[in-house]
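>>> Dropping the sequence and predicted coords here.
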Amino acid sequence: MLHTKIKTFRQRIGKNRYLVIQIFQSAVAKAESGNVLASNAVNVKIYKQAKNK
């Protein structure tokens, strides 16, 4: 994995609010001999914050 850039913002459409996550990644794989795999997979976890009363 060479570079990862993440943008998050909230967008409101009508009464609904959406969380938009944009993930930009680049990966490079090199080998002298044999096969290589450059994976562009990502794991995303979203947690809802508890409201303090």
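Here it is on my side, so go on. Numbers count the residues shown, from 1 in each chain.

>>> element containing the spatially most central residue of the chain?
With distances taken as C-alpha atoms, centre = their mean, Ile23 lies nearest the centre of the chain, 3.9 Å away. According to DSSP states H and E, Ile23 maps onto strand 16-26.

>>> chain center to that strand: distance?
Chain-centre distance of strand 16-26: 7 Å, with C-alpha atoms, centre = their mean, to the nearest Å.

>>> Note down every partner strand of it and its orientation.
Next to strand 16-26 in the sheet, as set by DSSP bridges, lie strand 3-13 (antiparallel).

>>> export the strand it pairs with as PDB, just CAs?
Coordinates of each C-alpha in strand 3-13 appear next as PDB, following Å, rounded to 0.1, in the frame of the first residue of the first chain:
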ATOM      1  CA  HIS A   3      -1.000   5.900  -0.300                       C
ATOM      2  CA  THR A   4      -4.300   6.100   1.400                       C
ATOM      3  CA  LYS A   5      -6.500   9.300   1.500                       C
ATOM      4  CA  ILE A   6      -9.900   9.300   3.300                       C
ATOM      5  CA  LYS A   7     -12.500  12.000   3.100                       C
ATOM      6  CA  THR A   8     -15.600  11.900   5.300                       C
ATOM      7  CA  PHE A   9     -18.500  14.300   5.400                       C
ATOM      8  CA  ARG A  10     -22.200  14.400   6.200                       C
ATOM      9  CA  GLN A  11     -24.800  15.200   3.700                       C
ATOM     10  CA  ARG A  12     -28.500  15.900   4.400                       C
ATOM     11  CA  ILE A  13     -31.100  15.000   1.900                       C
END
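
>>> pLDDT averaged over that strand - what is it?
Averaging pLDDT along strand 3-13 yields 87.
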